[in-house]
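A.B. asks: Quick one: sequence and predicted model below, then my questions.
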Amino acid sequence: MKQKYVYYTVPVLGTIFCLWYIFAATCDGIYSDYIRLVNSYLPDVFNPKLFFVPDILTRIPINYLARIINVTFFDYNIMFDRILGVLALGLSGAFITAYCVRKKLSYGWLLVVMAVLFSLNKWEMLNNGSGFAHFLSFALFYWHYEGMDRVWSGSDRYYDRILLIVLPFPITLLVAGPYCAIYTVTVLLSCLMMYLLKRRRLGLQPLVYGGAALVPFLLYLWSNAYAVEDHAAPATVPLLTQLMDTPGFFIRFFVKSFSSMVIEGERAEQIFRTNGPFLFLGLLVIAFYLLALWYNWYYRLYEETILPFLLIISGGCNHLLIVLSRWIFLNENYGLSSRYALQFQTGILGILLTFALLFRKRKYRIGTGVKLAAGIACLVFVLGNCYTTYTEIKKAPHRLELYEKRAKLSLKFEQLTDDELRENFEYRPNRSDSGQKVRSALTILKENGYSVFREDNQ
């Protein structure tokens, strides 16, 4: 029992570390996506006309509740959203730790896994509080996957099978937003495997679990059909045409995106002068993906547990999804962005958990090759993510300085030109109405005493 509590101290400490980071690197004040959110939903956050719209599911409904709480109790303080994001990341750590405890994985392997999970390679998501729901969605994904693993292994509790039917509805309809696509694919794949390999024990239950995941996803697709795309992408031709014209672009985009799981993209672009290091690290990570899948099959890990396999598949599919959805920006480094680390790290967690399972004493007979591969994987991912975290800690004061500068500019926005607002608030700077949108959002905040315009900030 004591060992269990020791294990759970790791995600707690990771959460405290990330909380320290957001307070060291950011402060209150809107920018980027918040400009759109303020113009769209404030000040009347209780207005049902803003909620009951055809594409409501694409807007992630839980954001409405969080926005109401933030406006009502905190006068729309952006730090509230950032804290929610960190707490949700900590929840992810708790679910992964629960799996490690149940599978009796060593404390050392838990530290390796948590070093990746709480790495600051996702600094952009942590700093931009508007993405807190994304952190929560992945925490709920891990909860669902862990429950499926319990049912798969026959160690399920009385309520696990109920959760597998109930969870997809709130996850897909209220929290996940566009992330529900890969989540649903992963769940359906696990249900198919469960039906094929565990049918004697589970009967038709996997089909019920699959149906429970498919129904809310179809509802999401129906809602998404009413959404209006609003982006300024430079691509002017369809995907297949671009693929035929520049196949190398897609290959480089895909491979380089994997390298961001070793060294975060912003830092990597500063130290790598050519494509070589990006491609080498990307191919190395892809090799770990394939090796982990092979080990799951060769050592028949899937007979005991399915969670690492699900995480690996989910991570790989997320890389593919980013290529298919972001190629339109015609930038092969787009997949290096820190904003995608939350999605990509899922696969790395699966790889590390695969090695951790193989290293349990007297459980599997592994050779020197497996030990060498595990050692290299730990070295690459831990050193890479620790280096990324170290550099981001050093950047924290500079990021805070930028946020404080933006907050000061907000207080005197009426004296600034539209061009100055466009240059400083990171809101669609390529659009002619960018400065006007920033001015409109800041006007709403000032008139209602929100964010940096609260009385205690004056």
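C.D. replies: Looks like it came in fine. Residues are numbered from 1 along each chain as shown.
A.B. asks: So the residue lying closest to Asn70 once chain neighbours are set aside versus Phe258, what's the distance?
C.D. replies: Computed as CB to CB, 6 or more residues apart in numbering, the closest residue to Asn70 that is not its neighbour in sequence is Phe80, at 4.8 Å. From N, CA and C alone the C-beta is placed, and that goes for glycine too. Distance from Phe80 to Phe258, counting by CB to CB, to the nearest Å: 34 Å.
A.B. asks: and those two? which has more neighbours close in?
C.D. replies: Taking neighbours as other CB atoms under 10 Å, Phe80 and Phe258 compare with Phe258 leading, 27 against 19.
A.B. asks: name the helices or strands packed onto the host helix or strand of the more buried one?
C.D. replies: Secondary structure from DSSP states H and E places Phe258 in helix 247-259. Of the remaining helices and strands, those touching helix 247-259 by 3 or more CB pairs under 8 Å, 6 or more residues apart in numbering; DSSP states H and E are helix 239-245, helix 275-298, helix 307-326.
A.B. asks: Burial-wise, tell me which of the ones you listed comes out on top.
C.D. replies: The highest mean neighbour count among the helices and strands packed on helix 247-259, using mean count of other CB atoms under 10 Å, belongs to helix 307-326: a mean of 21.
A.B. asks: Show the subsequent helix or strand relative to that one.
C.D. replies: The helix or strand immediately downstream of helix 307-326 is helix 341-358, counting by DSSP H and E.
A.B. asks: For that following helix, what does the pLDDT average out to?
C.D. replies: Averaging pLDDT along helix 341-358 gives 94.
A.B. asks: Buried residues, stretch 446-458. List them.
C.D. replies: Using 16 or more other CB atoms under 10 Å as the test for burial, stretch 446-458 gives Lys446, Asn448, Tyr450, Ser451, Val452, Phe453, Arg454.
A.B. asks: isn't the fifth one right up against Leu409?
C.D. replies: No - under the criterion of CB atoms under 8 Å, Val452 is not in contact with Leu409, lying 9.7 Å apart.
A.B. asks: so what pLDDT did the nearest residue to Phe250 once chain neighbours are set aside get?
C.D. replies: Excluding the flanking residues, the one nearest Phe250 by CB to CB, 6+ apart is Leu243, at 5.9 Å. In the prediction, the pLDDT value recorded for Leu243 is 87.
A.B. asks: related to what we said a few turns ago, within the helices and strands, which one has the residue nearest to Asn70?
C.D. replies: Here Phe80 is assigned to helix 78-102, by DSSP H and E.
A.B. asks: Show me what that helix is packed against.
C.D. replies: helix 2-25, helix 62-74, helix 107-117, helix 123-127, helix 132-153, helix 341-358.
A.B. asks: got a list of what Pro277 touches?
C.D. replies: By CB atoms under 8 Å, 6 or more residues apart in numbering, the contact set of Pro277 is Ser259, Ala268.
A.B. asks: Closest to the centroid, which residue in this protein?
C.D. replies: Leu342 (2.8 Å; CA atoms, centre = their mean).
A.B. asks: would you turn the helices and strands packed on helix 247-259 into TSV with distance to Gly367?
C.D. replies: Converted to TSV, the helices and strands packed on helix 247-259 look like this (distance: least, CB to CB, whole Å):
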stretch	distance to Gly367
helix 239-245	41
helix 275-298	11
helix 307-326	19
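A.B. asks: and Gly347, which of those is closest to it?
C.D. replies: Gly347 sits nearest to helix 307-326 of all those, at 1.8 Å, using CB to CB.
A.B. asks: Counting by contacts, list what the closest one packs against.
C.D. replies: Partner elements for helix 307-326 (3+ CB pairs under 8 Å, 6+ apart): helix 132-153, helix 180-197, helix 247-259, helix 275-298, helix 341-358.
A.B. asks: looking at those, which is buried most?
C.D. replies: Mean neighbour count, computed with mean count of other CB under 10 Å, is highest for helix 341-358 among the helices and strands packed on helix 307-326, reaching a mean of 25.
A.B. asks: So which elements touch it?
C.D. replies: For helix 341-358, the contact count by 3+ CB pairs under 8 Å, 6+ apart identifies helix 78-102, helix 107-117, helix 132-153, helix 275-298, helix 307-326, helix 368-411 as packing neighbours.
A.B. asks: so what pLDDT did the nearest residue to Phe132 once chain neighbours are set aside get?
C.D. replies: Excluding the flanking residues, the one nearest Phe132 by CB to CB, 6+ apart is Gly85, at 3.7 Å. pLDDT for Gly85: 95.
A.B. asks: mind listing what Gly85 touches?
C.D. replies: Per CB under 8 Å, 6+ apart, neighbours of Gly85: Met125, Leu126, Gly129, Gly131, Phe132, His134, Phe135, Leu136.
A.B. asks: Try it again at 10 Å.
C.D. replies: Applying CB atoms under 10 Å, 6 or more residues apart in numbering to Gly85 gives the contacts 18, 22, 122, 125-136, 342.
A.B. asks: Likewise for Arg59?
C.D. replies: Ser40, Tyr41, Leu50, Phe51, Val53, Gly177, Ser223, Ala227.
A.B. asks: Buried ones among those?
C.D. replies: Buried among the contacts of Arg59 (16+ other CB under 10 Å): Tyr41, Leu50, Gly177, Ser223.
A.B. asks: For Arg431, state which of those residues is nearest.
C.D. replies: Tyr41 (20.1 Å).
A.B. asks: thought Phe359 was touching Leu105?
C.D. replies: Yes - here Phe359 reaches Leu105: they are 8.2 Å apart, a contact under CB atoms under 10 Å.
A.B. asks: If you count surrounding residues, which of those two has more?
C.D. replies: The neighbour count for Phe359 versus Leu105, taken as other CB under 10 Å, is higher for Leu105 (22 against 17).
A.B. asks: could you list every residue that touches the spatially closest residue to the more buried one that is not a sequence neighbour?
C.D. replies: Among residues not flanking Leu105 along the chain, Ala356 sits closest, at 4.6 Å (CB to CB, 6+ apart). Ala356 makes contacts with 99-100, 103, 105-106, 108-110, 112-113, 308, 374, 378, as judged by CB under 10 Å, 6+ apart.
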